[in-house]
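Student: need a structure here:
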Amino acid sequence: SLFDEPLAIAVQGLGPRQQVTLRTSLRDETGELFQASARYQAGDDGRLDLARCAALPGGSFSGLEPMGLLWALQPQKPFWRLVKRDVQSPFLLQLEVLEGHGERPGRLLAQAQHERAFLRDGVRRVPVREGRIRATLFLPP
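Tutor: Predicted structure coming up:
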C-alpha cells in the first residue's frame, strides 16, 4: 500500500475473547528499529478488526485507533526520527500477533510483512536544479 493510505489490520482464527498483543516494527534506511504495540481482546467469534476494536490500556496507545500501530511507532534509540530519504524504496512493516498481555511477549501466534510504498506505479521523479533551488517534482502517469 502507499504510505499515506489507510491500512486495514484484522486477525481471525483466535479463540473467543482471547487476549493478544499486536506489535509492529520497521527499520529505517540506517537500520534503526522502530516499534509499537497494543493490547486487544478478540470478539466472541475469535476475530479482531482494528477498525472496530479498541486497544486496551498498557500498550503504545489505547482506544479505537485503526492506524495506531503505525503512527505510534517509536525508535529504540532515544530522539531518533523516522525519516525517508529514498522514496523509490518502500518501508517493510512487520506485524506480529502475540499471545496474552504480559510485559514479556507470549508465544508468536501469527506474523505478516507489508510494504509501505511512497510512489504509485508510473509516477515520474524529476530532479529540479535552478540557481540555489533544489527540489524534486513528482509527475503522475
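Student: Counting neighbours, what do you get for the nearest residue to residue 71 once chain neighbours are set aside?
Tutor: Of all residues beyond its chain neighbours, the one nearest residue 71 is residue 65 (7.7 Å), with distances taken as Cβ to Cβ, 6 or more residues apart in numbering. Bear in mind the C-beta positions are built from the backbone N, C-alpha and C, glycine included. Using other Cβ atoms under 10 Å, residue 65 has 17 neighbouring residues.
Student: Surely residue 65 is in a helix?
Tutor: No: secondary structure of residue 65 (DSSP: H, G, I helix; E, B strand; the rest coil): coil, not part of a helix.
Student: so it sits right up against residue 52, yeah?
Tutor: No: between residue 65 and residue 52 no contact is recorded; they are 11.7 Å apart, counting by Cβ atoms under 8 Å.
Student: got a list of what residue 31 touches?
Tutor: Residue 31 makes contact with no residue, according to Cβ atoms under 8 Å, 6 or more residues apart in numbering.
Student: in its sheet, what does the helix or strand that contains residue 127 sit against?
Tutor: Secondary-structure element containing residue 127, defined by DSSP states H and E: strand 124-130. For strand 124-130, the paired strands and their directions (DSSP bridges) are strand 133-139 (antiparallel).
Student: pLDDT (mean, whole number) over the strand it pairs with?
Tutor: Confidence for strand 133-139, expressed as mean pLDDT, is 93.
Student: Check what contacts it and list those residues.
Tutor: Surrounding strand 133-139, the residues in contact under the criterion Cβ under 8 Å, 6+ apart are 119, 123, 124, 125, 126, 127, 128.
Student: Helices along the chain, start to end?
Tutor: Under the criterion DSSP state H, helices of the chain are mapped to 68-71.
Student: Any idea which residue is closest to the centre of it?
Tutor: Nearest to the centroid of the C-alpha atoms of the chain, with distances taken as Cα atoms, centre = their mean, sits residue 70, at 3.5 Å.
Student: how much space between that one and residue 116?
Tutor: Taken as Cβ to Cβ, to the nearest Å, the spacing of residue 70 relative to residue 116 amounts to 8 Å.
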